[in-house]
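Colleague: structure, please.
(one chain, ligands or ions: 1)
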Amino acid sequence: MALVEIKNLHKSFGSNHVLRGIDFTVEQGEVVCVIGPSGSGKSTLLRCVNLLEQPQEGQVIVRGEDITDRDCHLDAARQQIGMVFQQFNLFPHLTVLQNCTVAQTTVLKRKSSEAARVARANLERVGLTEKVTAYPAQLSGGQQQRVAIARALSMDPALMLFDEPTSALDPELVGEVLTVMRKLALDGMTMLVVTHEMAFAREVADRVAFMDGGVIVEQGPPAELIGNPAHERTRTFLRRVLDPTHVEPTG
Ligand SMILES: Nc1ncnc2c1ncn2[C@@H]1O[C@H](COP(=O)(O)OP(=O)(O)OP(=O)(O)O)[C@@H](O)[C@H]1O
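Modeller: Sure thing, here's the model as predicted:
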């Protein structure tokens, strides 16, 4: 059984039909990167998987449970899914450690000593042990994003969603976040990653999906999808992102 199964997912905002029937699975331990042009619906797809958005049609099934079902226990379903956003969304008035313990104590009802132990272990995983008492404003963007990753990991998710986790970072800080993500992938974490970092997709992903116009146009192993895409839409997109100086011929 796939860890996540998405069936015929549709999502509209008013008359804007953003997701137009997505069928997609993520297997346990798999790293899947979703690439595609701006506005193609990548973030909306992740937000539907995490139920930050309610799809109008279709199902998201996590470990056999349909989390779009009204009777599903939403909090329990969400706990299985960690999400890292483009903006780090840390609480500015809480320390690094507190940012990583607050949901553990309030949502999972862990004792504060246990929450702190789990948080420290995850801060060590992202290389930030020495920053536990710092506040977000005292950290670089790359460090803040690594705290956001440690915070999500501290909830013991079955699946981690990443929505363009390096897009808000200065270029010199991108590498440290990708290194942490690469390590998680090697540790066997199941990850669904929306990214423009093609080198990461090529080197780390087990599978890459190209999304355009609210559908998955094609998907496959990175060498195939990036190296030898079947669809012209994919080739056009890849030409643009792999060679930003490329100018499409007009007329
Ligand atoms: N909460 C919302 N309300 C209204 N429209 C929305 C909302 N969220 C997304 N949209 C619209 O849905 C479409 C797809 O947006 P989405 O952010 O999913 O695309 P994307 O592929 O992630 O783009 P980008 O790479 O620029 O982040 C856009 O037209 C966007 O304006």
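
Colleague: any residues of the protein in contact with the ligand? List them.
Modeller: Residues of the chain lying near the ligand by C-beta under 6 Å from any ligand atom: 13, 16, 18, 36, 38-44. (C-beta placed from N, C-alpha, C; glycine too.)

Colleague: okay, now the closest residue to residue 90 other than its chain neighbours: neighbour count?
Modeller: Nearest residue to residue 90 in three dimensions, chain neighbours excluded: residue 136, at 4.3 Å (C-beta to C-beta, 6 or more residues apart in numbering). Neighbours of residue 136 under the rule other C-beta atoms under 10 Å: 21.

Colleague: ok so, going back, just the ones of the residues of the chain next to the ligand in strands?
Modeller: Using DSSP state E, the subset of the residues of the chain next to the ligand located in strands is 13, 16, 18.

Colleague: now which of those would you call buried?
Modeller: Buried members of these, scored by 16 or more other C-beta atoms under 10 Å, are residue 18.

Colleague: ok, the spatially most central residue of the chain - contacts?
Modeller: With distances taken as C-alpha atoms, centre = their mean, the residue of the chain nearest its centroid is residue 162 (1.7 Å). Counting by C-beta atoms under 8 Å, 6 or more residues apart in numbering, residue 162 touches 83-84, 181, 191-195.

Colleague: before we move on, which element is it in?
Modeller: strand 159-163 (DSSP states H and E).

Colleague: list the neighbouring strands of that strand plus their orientation.
Modeller: Strand 159-163 sits in its sheet next to strand 81-84 (parallel), strand 191-194 (parallel), going by DSSP bridges.
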